[in-house]
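> here's a sequence, model it:
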Amino acid sequence: MILEVALIAGLWLVLNVLVTRRVLAVARHLYTPHRMLIATIWLFPFIGALMAFTSTPSLRVARGVVDRETPQDRDAAHGPAPETLAADGAPDFAVTEHLQWFHELPLLDWDALAAWAPPAMPGDERSLATHADAIERGRHAWLLHLREQLGAHMGLFVNKDAYVLSSLDDAMARQTADYVTTARARIERLLRGVAQFPGGHRSILLVLDDEDTYYRYVSIYYPDGEFSVSSGMFINAGCPHFVVVRGHLQQLEPVIAHEMTHAALAHLRLPRWLDEGVAVNTERRVAGAQGSLYTPHELHEMHRRHWSAARIQQLWSGESFFRTDDGTMLSYELARIIVEQMARDWEGFLGFLRAAHGAEDAGFAAARDTLGVDLGAFAAALVEAPSDEGWSPQPAAWRSLETV
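Okay, the predicted model is just below:
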């Protein structure tokens, strides 16, 4: 009996190791949900290995896909950063003359680019496509100029849905771009009816090598801000794009999913707490829940101690997401919980998102009218506050908020 158990255990161990190696080898060439597959292998004896084996192509097939692909992606294919762009019926656009420099990094004058591009006529698909193509060539030109300034080790990878500017090798850059494609599709499916990626434009992902370069870049857009710890950010200024720290590559997927959700909802101009709450919940659906330093009970106690009528106004105004203490983490968590609870009525929640378009009252009127919910009372109940007095959004008081 002992010998039989030992043989079965040995067979299970060898099988798991072999299939795990196969999954990792394939993942170096093609995008696969390798972390989920490996967890399945080790959590479910024999069945997990079978599921992972049948869910991944052979290494020969994976290599064949890469070999057959004609990369439009790395540096030799792009050539040097262009100085001008041409368009039918318009003078050339002088790219270099419209570059603005901050911290020795270039930004393109996006208003000038839009003014130069052939006009887009509503309902005219041809003019819309021509306009989008001109803007896309301007975005591509900017990325090439940015690549030159960030260093020769940086490369620009392009697929049908994404630009990835990074120092990743070809296989990893391709895998990251493929993940952007996968994430876009999942986000559009999860948030059908409200998610909207601009037609004719790829998603732009800047993968910067370290935190110093990351903060140097994002400080262009937030020059006077005091930043909380961050590994990724969606920037919706002129040219929507998201930027992440390379760090541990395994951590990129949830950051990409989170920031791409912001990109898909940017057209709604949602209040920050709502935008972040949807992004965190969607990130979990797309990339899986991440580990936490705290148990749910510990988090609940932290919420009870932290939130007050004064501090909840910082959540509604968006100010608390830029704190440099635990208040930032608790803001993301509370936003996530509020959205999670509201979204139990999914159709009603989608109506709330549409009604909250451009709301300057943190979505108070939209929540009341579409869901019959008082935001202040709702948040107070979730953290078990003794009273909800003063918890509803008070926009007139936000400008005078101080950190509390």
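> what's the domain layout of this protein?
Following the assignment in automatic domain parsing, the chain carries domains at 2-68, 75-266, 283-400.
> ok now the second one, how far from the chain's centre?
Centroid separation between domain 75-266 and its chain, computed with C-alpha atoms, centre = their mean, to the nearest Å, is 12 Å.
> averaged pLDDT, it. What do you get?
For domain 75-266, mean pLDDT is 87.
> thinking again about what came up before, using TSV, lay out the domains of the chain together with distance to Arg272 and mean neighbour count.
For the C-beta atoms, the positions are set from N, CA and C on the backbone; glycine is no exception. Shown next, in TSV, are the domains of the chain (distance: least, C-beta to C-beta, whole Å; neighbours: other C-beta atoms under 10 Å):
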stretch	distance to Arg272	mean neighbour count
domain 2-68	30	15
domain 75-266	10	17
domain 283-400	3	17
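> okay if I get those domains as a markdown table plus distance to Glu276?
Output for the domains of the chain, formatted as a markdown table (distance: least, C-beta to C-beta, whole Å):
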| stretch | distance to Glu276 |
| --- | --- |
| domain 2-68 | 24 |
| domain 75-266 | 8 |
| domain 283-400 | 5 |
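> Leu274: which of these is closest?
domain 283-400 (5.5 Å; C-beta to C-beta).
> ok so, going back, so which of the domains of the chain comes closest to Asp275?
domain 75-266 (6.1 Å).
> who are the packing partners of the helix or strand hosting Ala310?
Assessed by DSSP states H and E, Ala310 sits inside helix 309-317. Using 3 or more C-beta pairs under 8 Å, 6 or more residues apart in numbering; DSSP states H and E, the elements in contact with helix 309-317 are helix 326-342, helix 375-382.
> could you point out which element follows the longest one?
If I follow you right, that is helix 326-342. helix 346-355.
> just the angle for that next one relative to helix 326-342, thanks.
Per axes from the mean of the first three to the mean of the last three C-alpha atoms, to 10 degrees, the angle that helix 346-355 makes with helix 326-342 is 130 degrees.
> how far off centre is the next helix or strand after helix 346-355?
Remark: after helix 346-355, the chain's next helix or strand is helix 364-371, criterion DSSP H and E. Mean-position distance between helix 364-371 and its chain equals 27 Å (C-alpha atoms, centre = their mean).
> and the angle for helix 364-371 with helix 309-317?
80 degrees.
> quick one: contacts for the nearest residue to Gly327 once chain neighbours are set aside?
Sequence neighbours aside, Ser320 is the residue nearest to Gly327 in space, at 5.3 Å (criterion: C-beta to C-beta, 6 or more residues apart in numbering). By C-beta atoms under 8 Å, 6 or more residues apart in numbering, the contact list for Ser320 reads Arg311, Gln314, Gly327, Thr328, Leu330, Ser331.
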